[in-house]
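1. below are the sequence and a predicted model for it; my questions follow.
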Amino acid sequence: MGTAVVRALKREYGDVKVVHFEGLVKQVMPESEKFPLDSLYDLSTVAEFFPDASLAVINKFRKDNDGQLSFFCALDDSMLEHVRERRAAHTAGVFRLLGRTPGTSLDEINSLSILNAMNAETNYFADWQRYGFDVGYDDVHLDHPEEDVGSVSTLGDFAIVHDSRLPGRSGISPYVMKAWYPQRWSLLCRKLSEIMPVVQIVGRDQQCWKNAIPHTEIIGESAVFKDYLNLLRHSRLYVGTDSWPAHAAICVRKPKYVILKGAVSRRWDHDGVYSKILRTGLCQACEGPAGANSSCLWRNGTHECMDAITVEMVYNTAKEELA
């Protein structure tokens, strides 16, 4: 999704340096540079690393030069007014979103009201558009040509399953509220394997579910982003939780995508245009304040949003998509 934003920024500003703090970004945008995560909490510190830059932009709300929440921060005086104009346009858009009389600062609005309203939006690029950028899904593009993938030719039609949120053998996951359950995955894999082979993208120290083939047998132990992308291109069906392959559907259209979601933001649904979304939650807890990722603040720490998604629901939806 960031590729679209970078294209919009380059159209507006010309010379744009892309920095990241996650290895995957480097594989998607090779021109990007590693940047220390702690230094992004205060955008003004970016100037210490890039003294020739005049503007810092990040797709997270941070305090700008006036101490107001924004994606933009001026790194020299020449961009101060520009940053204020961007912030004013965005703030006006948020007030319109809430149906309120225009104000001058997001501090005038209860933060939970903003959170709920933004999470209910189905357009991922809504905030960027409020800032005045002409950016959308047509700008999303990955420069990775299609290639043959390992021993995939022996599989014929096959399905891919993936749950990057599920705790591994260590029991650790920063997004446990977005995960499903190993027992349900294994049962789903057994049922799907009666239709076609099932390949599991196995992450970190995760175990391979019954009746699933680990992706390493197809694309090897040292696979990188383009290898996973090409594995998706060759598949007939993808079933997973809220993680990156769900968004690859915007660029890789061949498989049918079935995405299991609890109460995460509808912005990540992309209006259901690219994937079939199975959603049972209403509260948006998983996109809430710090701590909500592991202990639902709205449901007393329970996991009921994902609980309500049954194996039968997923299997029947997959069959409908394959029909």
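-> On my side now, so go ahead. Since the model is a prediction, treat every value here as computed from it, not as a measurement.
2. which secondary structure elements does the longest helix anywhere in the chain contact?
-> In the chain, with assignment by DSSP state H, the single longest helix is helix 80-97. Judged by 3 or more Cβ pairs under 8 Å, 6 or more residues apart in numbering; DSSP states H and E, helix 80-97 is in contact with strand 69-74, helix 111-120, helix 126-130. (Each C-beta comes from the backbone N, C-alpha and C, glycine too.)
3. strands of this structure, residue ranges please.
-> Using DSSP state E, the strands of the chain run over residues 19-20, 33-34, 55-63, 69-74, 159-162, 198-200, 213-214, 237-240, 256-261, 276-279.
4. tell me the contacts of residue 95?
-> Residue 95 sits next to 101-103, 109 when contact means Cβ atoms under 8 Å, 6 or more residues apart in numbering.
5. ok, now which ones touch residue 170?
-> By Cβ under 8 Å, 6+ apart, residue 170 lies in contact with 204-205.
6. run the last query once more with 6 Å
-> With contact taken as Cβ atoms under 6 Å, 6 or more residues apart in numbering, residue 170 is in contact with residue 205.
7. residues contacting residue 239?
-> Per Cβ under 6 Å, 6+ apart, neighbours of residue 239: 161, 258.
8. kindly recompute the last result at 7 Å.
-> By Cβ atoms under 7 Å, 6 or more residues apart in numbering, the contact set of residue 239 is 159, 161, 258, 314, 318.
9. ok, the fourth one - how many residues close by?
-> By the other Cβ atoms under 10 Å criterion, the neighbourhood of residue 314 contains 22 residues.
10. distance check, it against residue 176.
-> Here the criterion is Cβ to Cβ, to the nearest Å. By it, residue 314 lies 19 Å from residue 176.
11. with residue 125 instead?
-> Distance, residue 125 to residue 176, by Cβ to Cβ: 28 Å.
12. so between those two, which is more surrounded?
-> Using other Cβ under 10 Å, the more surrounded residue of residue 125 and residue 176 is residue 125, with 22 against 17.
13. how about the nearest residue to that one, chain neighbours excluded?
-> Once flanking residues are discounted, residue 125 sits nearest to residue 135: 5.2 Å by Cβ to Cβ, 6 or more residues apart in numbering.
14. for that neighbour, give me its contacts.
-> Contacts of residue 135 were listed using Cβ under 7 Å, 6+ apart, and they are 4-5, 8, 125, 128-129.
15. again with residue 303
-> Residue 303 makes contact with residue 177, according to Cβ under 7 Å, 6+ apart.
16. return the per-residue confidence for residue 300.
-> pLDDT for residue 300: 69.
17. oops, could you answer that again for residue 319 instead?
-> With respect to pLDDT, residue 319 scores 96.
18. quick one, phi psi at the residue nearest to it when sequence neighbours are not counted?
-> Counting by Cβ to Cβ, 6+ apart, residue 319 lies nearest to residue 195, which is 7.7 Å off, once chain neighbours are set aside. In terms of degrees, to the nearest 10, the main-chain angles of residue 195 are phi -100, psi -40.
19. what's the burial count for residue 195?
-> Counted with other Cβ under 10 Å, the neighbours of residue 195 add up to 16.
20. renumber starting at 26 from here on
-> Okay, residue one is now 26; in that scheme the one you just asked about reads as residue 220.
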